[in-house]
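> Return atomic coordinates for the entry below.
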Amino acid sequence: MGSRASTLLRDEEIEEIKKETGFSHSQITRLYSRFTSLDKGENGTLSREDFQRIPELAINPLGDRIINAFFPEGEDQVNFRGFMRTLAHFRPIEDNEKSKDQNGPEPLNSRSNKLHFAFQLYDLDKDDKISREELLQVLRMMVGVNISDEQLGSIADRTIQEADQDGDSAISFTEFVKVLEKVDVEQKMSIRFLH
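The predicted structure follows:
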C-alpha cells in the first residue's frame, strides 16, 4: 500500500489524469511507478536520455521519432502528465468508449488522434505534409541498409503517387487518413503493456 507511486501522486491528480487520458487508476499508478523508475535525475521529469534506456525504444527504428513525440516543441523534459497524454494515444479503445456520446473533447486515443500522432512521425519538418524526402528518411530508418536507395525511392514515389489526391507531390493529413481508412489502427497502435 505504501508504494512510492501512490504516495507521490495525489488522488485528485489521478482523477484528473483518468479524465484526460482514459487510463484506469491502477494503470496510472503502474505507469507512475514506471515513470519514476525511468526518472534517473529524480526530478519528476524525463529526458530524452531516460527514454533511450527503454529497450523497446532503443531497438525500434522509429524510436527517436517516438521519443520526440513526448516533448513539446523546444522542451527537453516531460513531466508525468505530458508522459501520460502521449501514452494515451496508444491506449486501446474499449468497447464501452466506442458508443459514448462525446460532448467533450475527442479522446486522445480516438482513431483520428492516433492517425494524427502517426502522421507526425512522418512529418519531420512539421509543415503538415509528408514530402518524398521525409518519406524516404522514415523508410531508411525502418529498413536500414537492407534495401537500395533506388528501391526506397521507388517505394516512396509509388506511395506518394497512390496517396496524393491534390497533385502537390506530398501527402496531407487528409490524404494520409484516406490511405489508412481500411487499416486497423487500433491493433497497430496499441501498447500491450497497458492492458
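> Doesn't residue 182 lie inside a strand?
No - with DSSP: H, G, I helix; E, B strand; the rest coil as the criterion, residue 182 is located in coil rather than a strand.
> how much space between it and residue 169?
When distance is defined by CB to CB, to the nearest Å, residue 182 is 24 Å away from residue 169. The way it works is simple: take the backbone N, C-alpha and C, and place the C-beta from them, glycine included.
> Of those two, which one has the most company?
residue 169 (12 against 6; other CB atoms under 10 Å).
> residue ranges with poor pLDDT in this structure?
The chain contains residues with pLDDT under 70 at 1-7, 94-104, 186-195.
> show me where it has helices.
Counting by DSSP state H, one finds helices in the chain at the ranges 4-8, 11-21, 25-38, 48-52, 55-59, 63-69, 80-87, 95-98, 111-122, 132-143, 149-163, 173-179, 185-188.
> how about JSON lines for these, with mean neighbour count and distance to residue 105 added?
Converted to JSON lines, those look like this (neighbours: other CB atoms under 10 Å; distance: least, CB to CB, whole Å):
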{"stretch": "helix 4-8", "mean neighbour count": "13", "distance to residue 105": "27"}
{"stretch": "helix 11-21", "mean neighbour count": "14", "distance to residue 105": "9"}
{"stretch": "helix 25-38", "mean neighbour count": "17", "distance to residue 105": "19"}
{"stretch": "helix 48-52", "mean neighbour count": "16", "distance to residue 105": "26"}
{"stretch": "helix 55-59", "mean neighbour count": "11", "distance to residue 105": "28"}
{"stretch": "helix 63-69", "mean neighbour count": "17", "distance to residue 105": "19"}
{"stretch": "helix 80-87", "mean neighbour count": "19", "distance to residue 105": "12"}
{"stretch": "helix 95-98", "mean neighbour count": "10", "distance to residue 105": "14"}
{"stretch": "helix 111-122", "mean neighbour count": "18", "distance to residue 105": "10"}
{"stretch": "helix 132-143", "mean neighbour count": "16", "distance to residue 105": "29"}
{"stretch": "helix 149-163", "mean neighbour count": "14", "distance to residue 105": "28"}
{"stretch": "helix 173-179", "mean neighbour count": "15", "distance to residue 105": "18"}
{"stretch": "helix 185-188", "mean neighbour count": "12", "distance to residue 105": "19"}
